[in-house]
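>>> Need a 3D model of the sequence below.
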Amino acid sequence: MNSPVVFVVDDEPAVRNAVARLMRADGLAAQTFASPKEFLDAYQPETHGCIVLDIAMPEISGLELQQALAHAGVAPPIIFLTARGDIPISVRAMKLGATDFLTKPIDADELIKAVRTAIARDADVWKTRVERVDIQRRLATLTVREREVLEHVVSGKLNKQTAADLGTVEKTIKVHRARVMQKMNVRSLAELVRLAESGGVAPSAAATV
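The predicted structure follows:
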């Protein structure tokens, strides 16, 4: 993964510059934006990190920016800053996925802690995405019959039961299952089932009858 970036979006120059200096002093890369529009024009969704976002700005509010990113499916973790302890807005923001909600003037240690937590959360999300893509790549190597056998494995069916459902013999199913495990790069059925379920493989309809 590339190095995380803290995106600071605030219409007050003094605030965004102070936050950026604080982040850089803590060893983090920081980019500043005077408005949500300016941020959206420059933002690359593949960039890792988080957003430190002012809640109240002219034209587009911080909450509206959060909603736009969430709708596009590219929302990184967001830490909201506000000059008011607005409980209803903070609750709404947290429901939409905000990781924290801090009131100005911001305590430096509290902000750094919140940013580090947000970056760790973002890293977990990206790790999950990478793993899911890898699982899908492995699943794509399976033949139609191997996929059917895998669906039966996910259903908890034994080789004999799978053979009966698919109209073949148990020996053939054993061969297919071995090939599936090889292509999925797993050593146990438990690991195979876990990967298959993570990749969205559903139990076979025939196997659940």
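>>> use CA for all of it now, contacts and neighbours both
Fine.
>>> Excluding residues flanking it in the chain, which one is nearest Lys77?
You called it Lys, but residue 77 is Pro. Nearest residue to Pro77 in three dimensions, chain neighbours excluded: Cys50, at 4.9 Å (CA to CA, 6 or more residues apart in numbering).
>>> Wasn't that neighbour part of a strand?
Yes. Assigned with DSSP: H, G, I helix; E, B strand; the rest coil, Cys50 falls within a strand.
>>> Next up, the contacts around it.
Listed by CA atoms under 8 Å, 6 or more residues apart in numbering, the contact set of Cys50 reads 4-7, 76-79, 115, 118-119, 122.
>>> Looking at the residues you listed, state which has the most neighbours.
Comparing these by number of neighbours (other CA atoms under 10 Å), Ile78 comes first, having 28 neighbours.
>>> who's in contact with it?
Counting by CA under 8 Å, 6+ apart, Ile78 makes contact with 50-53, 66, 97-100, 118.
>>> could I get these as CSV with distance to Ala108 and pLDDT?
Shown next, in CSV, are those (distance: CA to CA, whole Å; pLDDT from 0 to 100):
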residue, distance to Ala108, pLDDT
Cys50, 16, 95
Ile51, 16, 96
Val52, 13, 96
Leu53, 15, 94
Gln66, 23, 89
Gly97, 22, 69
Ala98, 19, 78
Thr99, 17, 81
Asp100, 14, 85
Ala118, 15, 94
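>>> Determine which two of these are furthest apart.
Spanning the widest gap among the contacts of Ile78 are Gln66 and Ala118, at 14.7 Å by CA to CA.
>>> Among the contacts of Ile78, name the ones in strands.
Members of the contacts of Ile78 lying in strands (criterion: DSSP state E): 50-53, 100.
>>> quick one: average confidence on the helix or strand hosting Arg21?
Using DSSP states H and E, Arg21 falls within helix 13-25. Averaging pLDDT along helix 13-25 gives 95.
>>> Check what pLDDT Val6 gets.
Reported pLDDT for Val6: 97.
>>> which residues touch Val6?
23, 28-31, 49-52, 115.
>>> Doesn't Ile112 lie inside a helix?
Yes. Under three-state DSSP, Ile112 sits within a helix.
>>> Distance-wise, check Glu151 relative to Gln182.
Going from Glu151 to Gln182 by CA to CA, to the nearest Å gives 16 Å.
>>> Give me the more crowded residue out of these two.
A direct count of neighbours by other CA under 10 Å for Glu151 and Gln182 places Glu151 higher, at 23 against 12.
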